[in-house]
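Engineer: build me a model:
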Amino acid sequence: MVSIEDVTVAYGGFVLLDRINFHISDNDKIGLVGKNGAGKSTVLKLICGLQSPTSGRVDKPSGLGIGYLPQIMEHHKGRSVLDEALTAFDTTAGLEREIAEVTRQLETRTDYESDEYSALIEKLGSLHDRLELSHSEPPEVQARKTLLGLGFREGELGRMTETFSQGWNMRIELAKILLRKPQLMLLDEPTNHLDIESIEWLEDYLKNCRCSLLMVSHDRRFLDNVTGRTVEIMLGHIHDYKVPYSKYLELRAERLQQQTAAYENQQKMIHKTEEFIQAFRYKPTKSNQVQSRIKALEKLDRIEIDETDNVRLTVKFPPAPRSGDVVFRGSGLTVGYPGKVVFSNADIEIRRGEKVAFIGRNGEGKTTMMRVIAGELQPLEGEAWRGYNVEIGYFAQNQEDVLDRNDTVFSTLDRIAVGDIRTKLRDILAQFLFRGEDIDKKVAVLSGGERARLGMARLMLQSHNLLALDEPTNHMDIKSKDILKQALKAFDGTLVVVSHDRDFLDGLVDKMYEFRDGRVTEHLGGVSEFLEKRKIEDLKELERKFAPAAQPSDRKDSAKEERKASHEERRQESRQDRKKKNRISYLEGEIGKLEAAMKDIETVLSAPSESDDIMELTRRYLELKRELDARTDEWAELMED
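Structural biologist: Residues are numbered from 1 along each chain as shown. Prediction:
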């Protein structure tokens, strides 16, 4: 489908990508990984044509449908959420025009046996399939399903897009891509603004969609659940693994270990050979052996160890001063803004040493509650009380709103540092990967991941016993997130964190507050237990919703009814088995007929006569193919049951 061949991207003397090669095939689901700044977003831009390589080329079929979701995008205004999502179906008219053009070309050509003619027939079939897929349900039904899956509520679909935050507008753009059903999706950190339940919905969608996918994500579990191949960018080079992310980590470690062992063994052999040559170089009796070994060394295929980027964060939070047993208590809290209540009647208690997560849908009040804890916002009703000797370190979600764009990396810390810590600023910045000339960069030019690291570095300037972190891992690469997680686990103070990253929260927090439908509910335990419980609760709600109302009866009648129901159930199961077997037998016969009919048409198309209607035969062939696909899918489902 797409081939990247010997592509180099260089900026002046700096080479970002050095002659990289890899191929994206039909239905590939690929995770593109690497540290911040490695060139992942650049690869996506190269494929969709927004950037040109310094050398090399990107080959892709003409007319390839590509859906590209960048990290930062322009959002459309002036339409409701639903109307904006429905613009995705504007491409249907383009498909119809393309079908008409390919049909016209087939009508005028006579080179029936050429590769070009076969390619046109395949393209026409693909276009018809895409058009049929887009018409599988009414557009509005598809749009509503997708928007609700991504976290919107039914009542919000009529609101104007400009009344939503950047994160919610990103969901609308993602919905439009999914609704277009492109052949290739390029998604750059699609989960950054999604809550946990929306991430799970998107996982299921991407796993089951018939498309190719190249995705940048810093969510380890999301990559494992969606992708089956991992392409790593390291120091400008590509390493391609045909496995999901976690397995890639294992294989990569094994490969480097084997390389290192082979390299060390070869070096020992070379050293011994050179010692022999040096010892017997001038002895006539050994001259033949010496010359033989010199030639062997010259011909030796030297083993090299792949370059690795071992630069990593070294986060260690300062010891936490002791606080009171209760760090924060909120009683009967109603929180919001003038004219808008976000949640009401909430009771929250955070005790010393606890590690607590705020989870829930965006807009339900998690960040608002963090502002209450930080003292930036007073509740509308109820009491918010911070405990004795609590020193809070607050990491806001949008670091671009906190950091001064005109400051340099160094001056950002220097501006707030006091006392002896000022002599250690360069060391602190180095721990967060700001070295050499990096410390003189303006905040305005930093990437999202770099701003997150700089914001975290600010927390190191003082000792805190309560860390309040609002989405600290957004834009952080996976290695950085792992190191931050270990540092927070080792932190001896209290932690409150807002995050949608399941892998980051798993094993870190031991209590959660869920913000949902204007209420706040406490859940004890970790995120895995919560997700399992949530699925069970949802299932029970469905059962309650659709279960018929129970009728009063005495015990004998109840037992009789149970026996009758059991007998009827066995009869129904037997009847279902017979129906299933009959249906399988019928489908197998139909599949055989369809395949035979298609084979007959293929025979005619391979050597058509003047009286043969090529277009009618092609149309009939495509109809048979679609019917065959549908019958085969139904047969496969019945065989799996």
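Engineer: which residue ranges of the stretch 201-350 of the chain form helices?
Structural biologist: 220-226, 245-280, 287-299 (DSSP state H, counting those that start in this stretch).
Engineer: which of these sits closest to Leu495?
Structural biologist: For Leu495, the closest of the helices of the stretch 201-350 of the chain is helix 220-226, at 20.2 Å, according to CB to CB. C-beta coordinates here come from the backbone N, C-alpha and C atoms, glycine included.
Engineer: per-residue confidence averaged over that closest one?
Structural biologist: For helix 220-226, the mean per-residue pLDDT is 90.
Engineer: what lies in contact with it?
Structural biologist: With CB atoms under 8 Å, 6 or more residues apart in numbering as the test, helix 220-226 has contacts from 29, 31, 33, 191, 199, 203, 206-207, 213, 215, 217, 230, 244-246, 478, 502-503.
Engineer: what about 10 Å?
Structural biologist: 29-33, 187, 190-191, 194, 199-200, 202-207, 209, 213, 215-217, 219, 230, 243-249, 478, 481-482, 501-504, 506 (CB atoms under 10 Å, 6 or more residues apart in numbering).
Engineer: just stretch 417-437 next, same as before
Structural biologist: Under CB under 10 Å, 6+ apart, the answer for stretch 417-437 is 35-37, 311-316, 318, 409-414, 438-441, 446, 449-450, 452-458, 460-462, 480, 483.
Engineer: so where do the strands sit in the stretch 1-150 of the chain?
Structural biologist: Shown for the stretch 1-150 of the chain, the strands assigned by DSSP state E, counting those that start in this stretch span residues 2-11, 14-24, 29-33, 55-59, 66-69.
Engineer: burial-wise, tell me which of the ones you listed comes out on top.
Structural biologist: Of all the strands of the stretch 1-150 of the chain, strand 29-33 has the most neighbours on average by mean count of other CB atoms under 10 Å, namely a mean of 24.
Engineer: what angle do that strand and helix 245-280 make?
Structural biologist: 60 degrees (axes from the mean of the first three to the mean of the last three CA atoms, to 10 degrees).
Engineer: before we move on, the earlier item: wait, which of the helices of the stretch 201-350 of the chain is closest to Glu98?
Structural biologist: Closest among the helices of the stretch 201-350 of the chain, once you apply CB to CB, is helix 220-226, at 29.3 Å.
Engineer: that closest one: how far from the chain's middle?
Structural biologist: The chain centroid and the centroid of helix 220-226 are separated by 7 Å, computed with CA atoms, centre = their mean, to the nearest Å.
Engineer: buried residues in that helix, which are they?
Structural biologist: Residues of helix 220-226 classed as buried by neighbour count (16 or more other CB atoms under 10 Å): 220-226.
Engineer: Leu488: which of those residues is nearest?
Structural biologist: Arg220 (16.2 Å).
Engineer: find the nearest non-adjacent residue to that closest one, please.
Structural biologist: Spatial nearest neighbour of Arg220, chain neighbours left out: Asp503 (4.5 Å); criterion: CB to CB, 6 or more residues apart in numbering.
Engineer: the one you found should be in a strand, yeah?
Structural biologist: No - counting by DSSP: H, G, I helix; E, B strand; the rest coil, Asp503 is not found in a strand; it is helix.
Engineer: surely it meets Ile196?
Structural biologist: No - assessed by CB atoms under 10 Å, Asp503 is found out of contact with Ile196, at 11.1 Å.
Engineer: give me the common contacts of these two.
Structural biologist: What both Asp503 and Ile196 touch, as defined by CB under 10 Å, 6+ apart, is the set Val527.
Engineer: picking that back up, quick check: the farthest pair among the buried residues of helix 220-226?
Structural biologist: Arg220 and Val226 (11.3 Å).
Engineer: any weak-confidence spans in the protein?
Structural biologist: 91-95, 130-137, 304-314, 399-401, 534-576, 578-579, 615, 640-641 (pLDDT under 70).
Engineer: so is Asn406 in a helix, a strand, or just coil?
Structural biologist: coil.
Engineer: kindly list the main-chain dihedrals of it?
Structural biologist: phi -90, psi -10 (degrees, to the nearest 10).
Engineer: neighbours around it, how many?
Structural biologist: Look at Asn406: counted by other CB atoms under 10 Å, it has 9 neighbours.
Engineer: identify the residues contacting it.
Structural biologist: 442-444.
Engineer: quick one: contacts for the closest residue to Val326 other than its chain neighbours?
Structural biologist: Distance criterion CB to CB, 6+ apart; nearest residue to Val326, sequence neighbours excluded, is Gly387 at 4.7 Å. By CB under 10 Å, 6+ apart, the contact set of Gly387 is 323-329, 350-352, 465-466, 494.
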